[in-house]
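Enquirer: let me see the structure of the following:
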Amino acid sequence: MNPVDIFRLLSLAAIWGASFLFMRIIAPAIGSIPTAFFRVSIAAAGLLVILGLMRISWDFKGKLKTVMLLGVINSGIPATLYSVAAQVLPAGYSSIFNATTPLMGVLIGGLFFHERLTGAKVGGVFLGLFGVGVLTRAGPVAFDMQLLMGAVACLLATTCYGFAGFLARRWLDQAGGLDSRLSALGSMLGATLLLLPLFGYSVISQPPATWGGWSVWLSLLGLGLGCTAFAYIIYFRLLSSIGPVKSMTTTFLIPLFGVLWGAVFLDEPLSMAHIYGGVLIAVALWLVLKPAAVKPGLVAER
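Expert: Next up, the predicted model:
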């Protein structure tokens, strides 16, 4: 990877790490469905303004429906699942479970998309998961049904991410490509349309006891504009430049930022286990990202 892509990867990890902090503030106050809906709808509105100011041509090349469907898989469903998890899990915990995304990507790529599974890549993913396990030991939540349900919600979300990365490459990049800003906008529109009826039903059937104060709504703006609208522009650009598996490795770095932001802003505890887990995750990231070795004497066929 070139330095620009490395910078994008680190920036995306820091931004998405902050999303778990925001969801932990918002979801217990207003509920899971409203949190997910406001996240994607604010992101869609922000992207409409950004594209308008930048005078981007709204040429979806006939792929608007495709990218909206991709948004359901990559944004709408995961946003809802992570909002459910945020009701019961600390921000650091959700970001740690999110690190299973590369494992899902490697497994899904091998099973459904004919991706080559190298020993270094598989070993790196499992080493990363071991690092995640070390980090989990530092958390304040005891193993119980709430933790289990939150973990299942997170793992289902990462499964969606695993499929979406490969589908984006197949539906968008291999079919002529699409501007990353349009991909992000179409995704947020699709996710918003998915969640709109669910949001309406939840508000009518079980309205929140409170719509929160200024901290909740500032967090919603940060979640929708920064952690979703801006972040997805970076994400789709990474998908095009380095591919889905390498893009998914940003989730190895997200726990470091998620735990850090949780400790700084929510007083979630830190311990030496965070350092040990961070080192393991860094080594895993290197194993997954390093170029495959070329055997001497092999000549590419023409």
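
Enquirer: what is the one helix or strand residue 252 maps to packed up against?
Expert: Assessed by DSSP states H and E, residue 252 sits inside helix 250-266. Helices and strands touching helix 250-266, by 3 or more Cβ pairs under 8 Å, 6 or more residues apart in numbering; DSSP states H and E, are helix 3-30, helix 91-98, helix 101-112, helix 119-136, helix 272-289. The C-beta positions use only the backbone N, C-alpha and C, and glycine is treated the same way.

Enquirer: tell me how far the helix or strand that the longest one is followed by is from the chain's mean position?
Expert: Read that as helix 3-30. Proceeding N to C from helix 3-30, the next assigned helix or strand is helix 32-53, under DSSP H and E. Centre-to-centre, helix 32-53 and its host chain are 16 Å apart (Cα atoms, centre = their mean, to the nearest Å).

Enquirer: adjust the sequence numbering to begin at 42 for everything that follows.
Expert: Yes, from this point I'll number from 42; that puts the last item at helix 73-94.

Enquirer: pLDDT of helix 73-94, averaged?
Expert: For helix 73-94, mean pLDDT rounds to 92.

Enquirer: between helix 44-71 and that helix, find me the angle.
Expert: 140 degrees (axes from the mean of the first three to the mean of the last three Cα atoms, to 10 degrees).

Enquirer: what's downstream of helix 73-94, the next helix or strand?
Expert: Using DSSP H and E, the first helix or strand after helix 73-94 is helix 105-112.

Enquirer: may I have that next one exported as PDB, CA atoms only?
Expert: This file holds the C-alpha atoms of helix 105-112, laid out as PDB (Å, rounded to 0.1, in the frame of the first residue of the first chain):
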ATOM      1  CA  LEU A 105     -28.400   3.600  -8.300                       C
ATOM      2  CA  LYS A 106     -30.600   0.600  -7.400                       C
ATOM      3  CA  THR A 107     -27.500  -1.600  -7.000                       C
ATOM      4  CA  VAL A 108     -25.700   0.800  -4.700                       C
ATOM      5  CA  MET A 109     -28.900   1.300  -2.700                       C
ATOM      6  CA  LEU A 110     -29.200  -2.500  -2.200                       C
ATOM      7  CA  LEU A 111     -25.500  -2.500  -1.200                       C
ATOM      8  CA  GLY A 112     -26.300   0.200   1.300                       C
END
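
Enquirer: which secondary structure elements does that helix contact?
Expert: Checking 3+ Cβ pairs under 8 Å, 6+ apart, helix 105-112 ends up next to helix 186-212, helix 221-246.

Enquirer: 10 Å instead?
Expert: Secondary-structure packing of helix 105-112 (3 or more Cβ pairs under 10 Å, 6 or more residues apart in numbering; DSSP states H and E): helix 186-212, helix 221-246, helix 272-283.

Enquirer: tell me which residues of the helix holding residue 293 are tucked away?
Expert: 291-304 (16 or more other Cβ atoms under 10 Å).

Enquirer: quick one: residues contacting residue 190.
Expert: By Cβ atoms under 10 Å, 6 or more residues apart in numbering, residue 190 lies in contact with 125-126, 128-130.

Enquirer: low-confidence bits of this structure, can you list those?
Expert: 176-184, 214-218, 285-286, 289, 315, 330-343 (pLDDT under 70).

Enquirer: returning to what we had before: now render the buried residues of helix 291-307 as TSV, adding distance to residue 167.
Expert: What follows is these, written out as TSV (distance: Cβ to Cβ, whole Å):
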residue	distance to residue 167
291	18
292	14
293	12
294	17
295	18
296	16
297	18
298	22
299	21
300	21
301	24
302	26
303	25
304	27
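
Enquirer: which pair of the residues you listed spans the longest distance?
Expert: 291 and 304 (20.3 Å; Cβ to Cβ).

Enquirer: neighbours around the residue lying closest to residue 320 once chain neighbours are set aside, how many?
Expert: Using Cβ to Cβ, 6 or more residues apart in numbering and skipping residues adjacent in sequence, the residue nearest residue 320 is residue 172, 7.5 Å away. Close neighbours of residue 172, defined as other Cβ atoms under 10 Å, add up to 26.

Enquirer: separation between residue 172 and residue 145?
Expert: For residue 172, the distance to residue 145 (Cβ to Cβ, to the nearest Å) stands at 16 Å.

Enquirer: which one of the contacts of residue 190 is nearest residue 274?
Expert: residue 126 (24.8 Å).

Enquirer: by how many degrees do the host helix or strand of that closest one and helix 44-71 diverge?
Expert: If you go by DSSP H and E, residue 126 is part of helix 118-127. Between helix 118-127 and helix 44-71, the angle comes out at 50 degrees (the same axes, to 10 degrees).

Enquirer: does anything pack onto helix 118-127? Which helices or strands?
Expert: helix 44-71, helix 73-94, helix 132-139, helix 186-212, helix 221-246.

Enquirer: I'd like the helices and strands packed on helix 105-112 as CSV, with distance to residue 104 appended.
Expert: What follows is the helices and strands packed on helix 105-112, written out as CSV (distance: least, Cβ to Cβ, whole Å):
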stretch, distance to residue 104
helix 186-212, 7
helix 221-246, 8
helix 272-283, 12
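
Enquirer: alright, I will stop here.
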